[in-house]
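Chemist: sharing a model that was predicted from the sequence below.
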Amino acid sequence: MTAPELAQPISALLDAQTVQSIADDVWPSLVGDGEVFVPVPAPPPLEPVSAWVTISGPWNGAVVITCDSHTAEALTESVLMLRPPTLVEEEDVEDALGELANVLGGNIKSVLPGVSTLGLPQTGAAPPTGRLDDVCRINGQWRGQSLTITVQGAATAPDTERNEVPQQ
């Protein structure tokens, strides 16, 4: 049996309440005072924008944030403290959503067992998921707009580019 076959699914390592608790801690400090991510049933965005970081270690996967482009621009304005009528550039959205994924991913990595490393933030079409039991998804809203936080197992080998030194 190979190492990936021995890995526990994320559903055995953390639950939606833990992910929500992490989002509750991160959201006000990164998005803005008084800002919250509310876990409620929400439809998926028609034109999704995603940012994610990979986690590599005893569990391999990604922490993914997905929303529509309008929500991504509004999040960018909040995270970067831009004031309208500022024109939000695509690279600003990549930076802001990437930072949000990075901070959420780092906090999620810290509650997983063993030594893990965090990959660099990426944006684009969300990475494919692996096993169905290796997904923890929270659908919700921020300022009434649909947003999803997903912790998902890797469908392929993890990315080898890292943004940190492994913990000892």
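Modeler: Everything's here; your move.
Chemist: which residue packs closest to residue 53, ignoring adjacent ones?
Modeler: Among residues not flanking residue 53 along the chain, residue 105 sits closest, at 3.7 Å (CB to CB, 6 or more residues apart in numbering). Just so you know, the C-beta spots here come from the backbone N, C-alpha and C atoms, and that holds for glycine as well.
Chemist: the one you found and residue 96, how far apart?
Modeler: Going from residue 105 to residue 96 by CB to CB, to the nearest Å gives 15 Å.
Chemist: swap in residue 143?
Modeler: 15 Å.
Chemist: one more: residue 80?
Modeler: 5 Å.
Chemist: quick check, residue 97 in contact with residue 72.
Modeler: Yes - using CB atoms under 8 Å, residue 97 makes contact with residue 72 at a distance of 5.9 Å.
Chemist: returning to what we had before: please tell me I have it right and the residue nearest to residue 53 contacts residue 55.
Modeler: Yes - with contact defined as CB under 8 Å, residue 105 and residue 55 form a contacting pair (6.3 Å).
Chemist: got the phi/psi numbers for residue 33?
Modeler: Reported as degrees, to the nearest 10, the phi and psi values for residue 33 are phi -60, psi 130.
Chemist: just the pLDDT at the residue lying closest to residue 114 once chain neighbours are set aside, thanks.
Modeler: Leaving aside its chain neighbours, residue 114 sits nearest to residue 58 (3.8 Å; criterion: CB to CB, 6+ apart). Listed pLDDT for residue 58 reads 92.
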